[in-house]
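Trainee: Could you work out the structure for the sequence below:
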Amino acid sequence: MKKILIVCLFFITSVWSQAQNPKVVADCTVSFDVIIDGASKSPSTKTLYIRGVETRTDLVNSNFVQTTFYNSKTETAVILREIGGNKYMTTLSAEQWKAQNKRYEGMEVVLTDESKTILGYYCKKAQLKLKDGSTLNVYYATGITPSASENNYQFKGVPGFPLEYETAGENGKGNVKFTATRINLNPVPASRFEIPQSGYRIL
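Mentor: Next up is the predicted model:
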C-alpha cells in the first residue's frame, strides 16, 4: 500500500511539474487556417516555422504572399511581399519592429479558466485587452512553449504556444482568426531562413 501511494505521489508530482514547466519547442512547423471576421473558411493560409531564435511566417491567399522573418534575439525583421508580379522587401530594425507593433504596448493579458483541445493539445484561453479598447482571444497550449515568438509584442505574457488566436483586421475592421490545423515537430531546414539577396524592390 505504501509503495502504491509513493508511485501515485510521484505521478501527480510529475504531471504537476510538466504543467508548470511546459516543454520548449525549438524546431517545428505549424499550419493555420485563416478565417476573416467569422465568415466561412477563407482561401488564406498561414505557415509558421520555428528554428531556435528565428521564426518565419508565410501568409498566402489568392491576391498576395507575405513572408516575415523575425529574429527574437536581435528583435529585427525582414518582410517580403509578392503582389501580382511585383516583389517588395522591407527590413525593420528593433525600433521599427516595435513601432509597427505599437498597438500592443500596455496590453493586459487576462488568463481565464476556459479551455479546449486543439490537435490533441490542451489549450487554455487568454484575453488580450488592448489600450484602444479591443479584446483579442488566444488559446495557448499549456504543455509546450515556442523557443521563439513570431511576435514578441502580440504574444507577450501568453504562457504557452498560441494555437488559435485573433488579430485585428485591416484598418481595425473585423478580426482575423488563426487556427492551427497541423503541427510538425521535425527539424526545420536552415534553408527556410535564407533571405533572398535579389529580385525584390527595397522599401
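Trainee: At which residues are the helices of the protein located?
Mentor: 2-20, 94-100 (DSSP state H).
Trainee: weakest of the ones you listed by average pLDDT?
Mentor: For these, mean pLDDT drops lowest on helix 2-20, to a mean of 43.
Trainee: Next, count neighbours for L59.
Mentor: By other Cβ atoms under 10 Å, the residues close to L59 number 19. From N, CA and C alone the C-beta is placed, and that goes for glycine too.
Trainee: Can you tell me how far it is from F178?
Mentor: 10 Å (Cβ to Cβ, to the nearest Å).
Trainee: which sections of the chain are below the confidence cut-off?
Mentor: Under the criterion pLDDT under 70, the flagged ranges of the chain are 1-20, 38-42, 169-174.
Trainee: can you give me the strands in it?
Mentor: 23-25, 27-36, 45-51, 54-60, 64-71, 76-83, 86-92, 108-118, 121-129, 135-141, 144-146, 161-168, 175-184, 201-202 (DSSP state E).
Trainee: what are the C-alpha coordinates of the second one, in CSV please?
Mentor: I take that to be strand 27-36. The C-alpha coordinates for strand 27-36 follow below in CSV (Å, rounded to 0.1, in the frame of the first residue of the first chain):
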residue,chain,number,x,y,z
ASP,A,27,12.0,23.2,-34.1
CYS,A,28,8.5,23.0,-35.6
THR,A,29,6.2,23.8,-38.5
VAL,A,30,2.7,24.8,-37.8
SER,A,31,-0.1,25.2,-40.4
PHE,A,32,-3.0,27.5,-39.7
ASP,A,33,-6.4,28.1,-41.3
VAL,A,34,-7.3,31.8,-41.6
ILE,A,35,-10.9,33.0,-41.1
ILE,A,36,-11.8,36.6,-41.7
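Trainee: Quick check: buried residues in that strand?
Mentor: 28-36 (16 or more other Cβ atoms under 10 Å).
Trainee: returning to that earlier point: can you list the strands of the chain in a markdown table and add distance to Y153?
Mentor: Formatted as a markdown table, the strands of the chain follow (distance: least, Cβ to Cβ, whole Å):
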| stretch | distance to Y153 |
| --- | --- |
| strand 23-25 | 20 |
| strand 27-36 | 19 |
| strand 45-51 | 16 |
| strand 54-60 | 13 |
| strand 64-71 | 11 |
| strand 76-83 | 11 |
| strand 86-92 | 12 |
| strand 108-118 | 12 |
| strand 121-129 | 10 |
| strand 135-141 | 12 |
| strand 144-146 | 15 |
| strand 161-168 | 12 |
| strand 175-184 | 16 |
| strand 201-202 | 24 |
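Trainee: Mind checking those for the one nearest to N152?
Mentor: Closest approach to N152 among those is made by strand 64-71 (8.2 Å; Cβ to Cβ).
Trainee: Residues touching the closest one, excluding its own?
Mentor: Residues outside strand 64-71 that contact it (Cβ atoms under 8 Å, 6 or more residues apart in numbering): 53-60, 76-83, 97, 148, 150-151, 193, 195.
Trainee: What's the PyMOL syntax to select whichever of those residues are buried?
Mentor: The buried subset of these, as determined by 16+ other Cβ under 10 Å, is captured in PyMOL by this line:
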select buried, resi 54+55+56+57+58+59+60+76+77+78+79+80+81+97+148+150+151+193
